[in-house]
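> Predicted model and sequence follow; I will ask about them next.
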Amino acid sequence: MEQVDVLIIGAGAAGLFCGSRAARRGRNVRVIDHSKKPAEKIRISGGGRCNFTNLETEASRFLSQNPHFAKSALARYTPWDFCDLMAAHNLTWHEKTLGQLFCDQKSGAVIQMLLDELETAGGHLSLETEVRGNIRAEDGFQIETSAGPIHCESLVIATGGLSIPKIGATSFAYDLAARFGHEIVPTRPALVPMTFTDHYHDAFSALSGVSIPVEAYAENGPGFVENLLFTHRGLSGPSVLQVSSYWHEREAVTFDLMPGQDPLNWLKVAKETAPKQTLAQLFATLYPTRFADYFVGELGHDRAARLAALSNKDLDLIAQTLHAWTLRPAGTEGWRTAEVTAGGVATDALSSRTMESKLQPGLYFIGECVDVTGWLGGYNFQWAWASAAAAAEAV
Ligand SMILES: Cc1cc2nc3c(=O)[nH]c(=O)nc-3n(C[C@H](O)[C@H](O)[C@H](O)COP(=O)(O)OP(=O)(O)OC[C@H]3O[C@@H](n4cnc5c(N)ncnc54)[C@H](O)[C@@H]3O)c2cc1C
């Protein structure tokens, strides 16, 4: 039977990084993964350029039942620590927007860096290796795998969440955690486009490709000032992906179409200064024409109606809708396109310092499988690095 100090299940962002740092401490490490290739989510991330961290990282940019849980790990491994690692591998980056750092080389270069780090530290990687049967906790852990039995002192679960099953996502972490008595915060697709089945489905499909700046809100979440994108299925774009993480079935989402501005004043001034202008022409000064035309209809007005014909009450109602356009999505595109999983292994039975289980000594959960879900923009990778670094010090 193979004997290792640390067995890590899942060769994604968190698993590879944890493996290299634990091996650097002199631990005998093996990382296994059932897929043919490691870290496929890094490969497809950030449109192929891996938005690997965010300079504005702080615990408030993560959803979790315990908003304080992520603080310790995030404070001890910062975005700059990962930038230093990238620099040591001659990788460069640029800030796109809102603190989001993207790799100038392709995301494959980030994967290669993690593989090189693991190898030079003396860690081992086995791909196409599955866990078979139950894991037994006896004087460490005994794991039956498709490559034979392995015994380890510390077992790290880094199998990620449920999004994109076709590239290898499984419920392994949740099933195992539950078997060891952990609670699982109900999982749901997050950072995911929203769908509509009513008349909005056809309307948004006709607007497909149009993008406008908004501030978007779910019923119980912060506002996100980013773009809204109309698609054949409904709504997407960064603002919608962000609010999807806070959205629950049957709830509404609200869009401020003039964030930080006073729509009523804007309408009144326009009516006074250009009374012959139509509402569609006025909207077209702010939005693409396709949306401007559509929105006049959505407000129940005639496209040919001039501003002069609008009463003060009309202006009030239009201003209210511009400020808070409220829609009720039918659902989301689900696991097929979600970037992450909200919910997961509950943090109350994990150490925030080491990610070790409080119920089963020697068992660790890191990365996306934990109930810590970042906003869009590099936060989820920063959690993968930080939680992996925290566990690597303890395993
Ligand atoms: C399209 C897309 C784009 C994204 N872009 C970004 C971005 O730009 N920035 C950002 O911060 N985040 C991004 N994310 C989110 C980010 O990829 C994840 O949060 C991050 O990869 C989680 O790291 P992880 O190591 O916990 O899990 P993963 O990276 O998902 O790794 C889990 C590994 O475990 C393996 N595994 C699963 N089940 C088993 C099993 N039963 N047995 C053995 N192995 C198993 C998988 O094959 C996989 O290799 C994106 C996600 C998607 C889907």
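Now that the structure is in, tell me what you want to look at. Numbers count the residues shown, from 1 in each chain.

> so when I look at Ala304, I'm seeing a helix, right?
No. Going by DSSP: H, G, I helix; E, B strand; the rest coil, the assignment for Ala304 is coil, not a helix.

> Find the nearest non-adjacent residue to it, please.
In this structure, Ala304 finds its nearest non-sequential neighbour in Thr278, 6.2 Å apart by Cβ to Cβ, 6 or more residues apart in numbering. Backbone N, C-alpha and C define where each C-beta goes, glycine included.

> wouldn't that neighbour be in contact with Ala305 here?
Yes. Counting by Cβ atoms under 8 Å, Thr278 touches Ala305, with 6.3 Å between them.

> Look up the residues that both of these two are in contact with.
Shared contacts of Thr278 and Ala305 (Cβ atoms under 8 Å, 6 or more residues apart in numbering): Val296.

> Can you pick out the residue with more neighbours from the two?
With neighbours defined as other Cβ atoms under 10 Å, Thr278 and Ala305 compare such that Thr278 has more, 20 against 14.

> From Lys313, how far out is that one?
For Thr278, the distance to Lys313 equals 19 Å [Cβ to Cβ, to the nearest Å].

> Of all residues in the stretch 1-150 of the chain, which one is closest to the ligand?
At 1.8 Å from the ligand, Gly12 is the closest residue in the stretch 1-150 of the chain, using Cβ to the nearest ligand atom.

> List the contacts of that residue.
Each residue near Gly12 by Cβ under 8 Å, 6+ apart is listed here: 33, 38-42, 158-160, 367-368, 384.

> Export the helix or strand of the chain with the lowest mean pLDDT to CSV, keeping only CA atoms.
Every helix and strand of the chain was ranked by mean pLDDT, DSSP states H and E. The lowest is strand 131-137, at a mean of 92. Output in CSV follows, covering the C-alpha atoms of strand 131-137 (Å, rounded to 0.1, in the frame of the first residue of the first chain):
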residue,chain,number,x,y,z
VAL,A,131,-11.6,7.1,-5.3
ARG,A,132,-13.4,3.8,-4.9
GLY,A,133,-15.6,2.9,-1.9
ASN,A,134,-15.7,4.5,1.5
ILE,A,135,-12.7,6.3,3.0
ARG,A,136,-11.8,4.8,6.4
ALA,A,137,-10.4,6.9,9.1
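
> Mind checking what helix or strand follows it in sequence?
Counting by DSSP states H and E, the next helix or strand C-terminal to strand 131-137 is strand 141-145.

> buried residues in the helix or strand following that following strand?
Counting by DSSP H and E, the next helix or strand C-terminal to strand 141-145 is strand 148-157. For strand 148-157, the buried set under the neighbour-count rule, 16 or more other Cβ atoms under 10 Å, comprises 150-157.

> Kindly report the same for stretch 210-229.
Going by 16+ other Cβ under 10 Å, stretch 210-229 has these buried residues: 210-218, 221, 223-224, 226, 228-229.

> Can you pull out the residues in contact with that stretch?
Identification of contacts with stretch 210-229 by Cβ under 8 Å, 6+ apart yields 98, 209, 230, 235-240, 242-248, 251-257, 259-260, 287-288, 290-291.

> Restricted to buried residues, select the residues you listed in PyMOL.
Written as a PyMOL command, the selection of buried residues from the contacts of stretch 210-229, which uses 16+ other Cβ under 10 Å, is:
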select buried, resi 98+230+235+236+237+238+239+240+242+243+244+245+246+247+253+254+255+256+257+259+287+288+291
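
> just checking, Thr78 touches Thr57?
Yes. Judged on Cβ under 8 Å, Thr78 makes contact with Thr57 at a distance of 7.1 Å.

> And these two? Which one has more around it.
More neighbours surround Thr57 than the other of Thr78 and Thr57, with 25 against 17 (other Cβ under 10 Å).
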